[in-house]
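Trainee: I need the structure of the sequence given here:
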Amino acid sequence: MMNKVIAGLEPIQSNLMEPAHILVIEDDDIVARTIERSLRGSEFRVTLANSGVEGLKAARRRPPDLVVLDIIMPGMDGYTVCREMRADPILAELPILFLTAKVKDEDKIIGFTAGADDYLTKPFNIDELILRLRAILRRSRLQGREDDLAVFPPPPAPAKEHLFRPRGPDPAENSSSEPRHRIAVAGYILDTRSYELYTPSRGKVRLTPVQYDLLHHLMRHPGEIFSPGRLLDEVWDYPSDTGSPDLVRVHIKNLRERIEDDPRAPQFIRTVPGYGYTIGQEMADFPEAEL
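Mentor: The predicted structure follows:
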């Protein structure tokens, strides 16, 4: 069941010039109306579409700030809608959250491969949906400011869960020979202007917004180990106990499929069993395993 909104959730409207426009593409009228009622107010403005085709038309007429997208719909399904949006220059960078009853890992992988930024399964808690929408919108606005300034972002403040922090020079200085809009680690070069990754063997790879955010964070801290919970906090901007580690695992797996020579034996994004993920450091003492 979908729970009521808890009164303690603080809106972010004070940081916005106008309500965030949310396009909900959902063929179940009860679910769509429940979301609309829960989001209604000064913080969000909601548009409903009851099919994939109608949703694409609505997005192209007036691009929203974020799309909440069902997968199982008659006619054009959510995967196809997502791919169509990613292929449209006007909608390509639009944040997309899948809200669906498809719960298997392979369903999530297909969704993220299609270009989704997040994935929430039904039945869902409306409070968690709102928190995720806010987090996605915060990341989207921050990324927009970085695009405008075209500067190298400062490293984040130290986190409470730091593990195996490497000694020696500041990791942020790992790319001093590179232009300020590029980060280089272990032969991989991330362009912070074009969101493209230059790989040693696969050439240039265009990343989705969430893939870019994740890889940017890891490459800014080479050799440092990040737990899934810490990545949810620092990359997805989710409050504690919000979001599933599966979200991180699926994105890591999908990212490896795109950039590693052998995704089954990754050499760049490495798993440290029991701790998390790291890049740019030999981890011969730690056998690879699914975290």
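
Trainee: Now do stretch 72-92: distance from first to last residue.
Mentor: 22 Å (CA to CA, to the nearest Å).

Trainee: Next, the buried residues of that stretch.
Mentor: Under the neighbour-count criterion of 16 or more other CB atoms under 10 Å, stretch 72-92 has Met73, Met76, Asp77, Gly78, Tyr79, Thr80, Val81, Cys82, Glu84, Met85, Arg86, Leu91 buried. (Each C-beta comes from the backbone N, C-alpha and C, glycine too.)

Trainee: Return the item of those residues having minimum pLDDT.
Mentor: Among the buried residues of stretch 72-92, Arg86 carries the lowest pLDDT, at 90.

Trainee: Please report phi then psi for the closest residue to it other than its chain neighbours.
Mentor: Once flanking residues are discounted, Arg86 sits nearest to Gly115: 3.9 Å by CB to CB, 6 or more residues apart in numbering. When read as degrees, to the nearest 10, the backbone of Gly115 gives phi 120, psi 10.

Trainee: I'd guessed Gly115 sits against Ile96; true?
Mentor: Yes - Gly115 lies in contact with Ile96 (CB atoms under 8 Å); the separation is 6.6 Å.

Trainee: joint contacts of the two?
Mentor: Common neighbours of Gly115 and Ile96, counting by CB atoms under 8 Å, 6 or more residues apart in numbering, are Cys82, Met85.

Trainee: between the two, which one's more packed in?
Mentor: A count of neighbours by other CB atoms under 10 Å puts Ile96 above the other of Gly115 and Ile96, at 28 against 20.

Trainee: Identify the residues contacting that one.
Mentor: Leu66, Val67, Leu69, Cys82, Met85, Gly115, Ala116, Asp117, Asp118.

Trainee: Who does it form a beta bridge with?
Mentor: Applying DSSP bridges to Ile96 gives these bridge partners: Val67.

Trainee: Can we start the residue count at 15 from this point?
Mentor: Renumbered: residue one is now 15, and that last one reads Ile110.

Trainee: and it, how far is that from Ile49?
Mentor: Ile110 sits 15 Å away from Ile49, going by CB to CB, to the nearest Å.

Trainee: Check the gap between the residue nearest to Arg100 and Pro253 for me.
Mentor: According to CB to CB, Gly129 and Pro253 sit 25 Å apart.

Trainee: Glu50 falls within a strand, correct?
Mentor: No - the assignment for Glu50 is helix, going by DSSP: H, G, I helix; E, B strand; the rest coil, so no strand is present there.

Trainee: If the spatially closest residue to it that is not a sequence neighbour is in a bridge, with which residues?
Mentor: Among residues not flanking Glu50 along the chain, Val60 sits closest, at 4.7 Å (CB to CB, 6+ apart). Beta bridges link Val60 to Ile36 when assigned by DSSP bridges.

Trainee: Tell me where the model's unsure across the stretch 65-214 of the chain.
Mentor: For the stretch 65-214 of the chain, the stretches with pLDDT under 70 are 156-193.

Trainee: what ranges do the helices span in it?
Mentor: Ranges of helices within the stretch 65-214 of the chain are 66-75, 92-101, 119-128, 140-163, based on DSSP state H, counting those that start in this stretch.

Trainee: most neighbours per residue, which of those helices?
Mentor: helix 92-101 (a mean of 20; mean count of other CB atoms under 10 Å).

Trainee: Distance of the nearest residue to Arg97 once chain neighbours are set aside relative to Glu98?
Mentor: Using CB to CB, 6+ apart and skipping residues adjacent in sequence, the residue nearest Arg97 is Ala128, 5.1 Å away. Here the criterion is CB to CB. By it, Ala128 lies 10 Å from Glu98.
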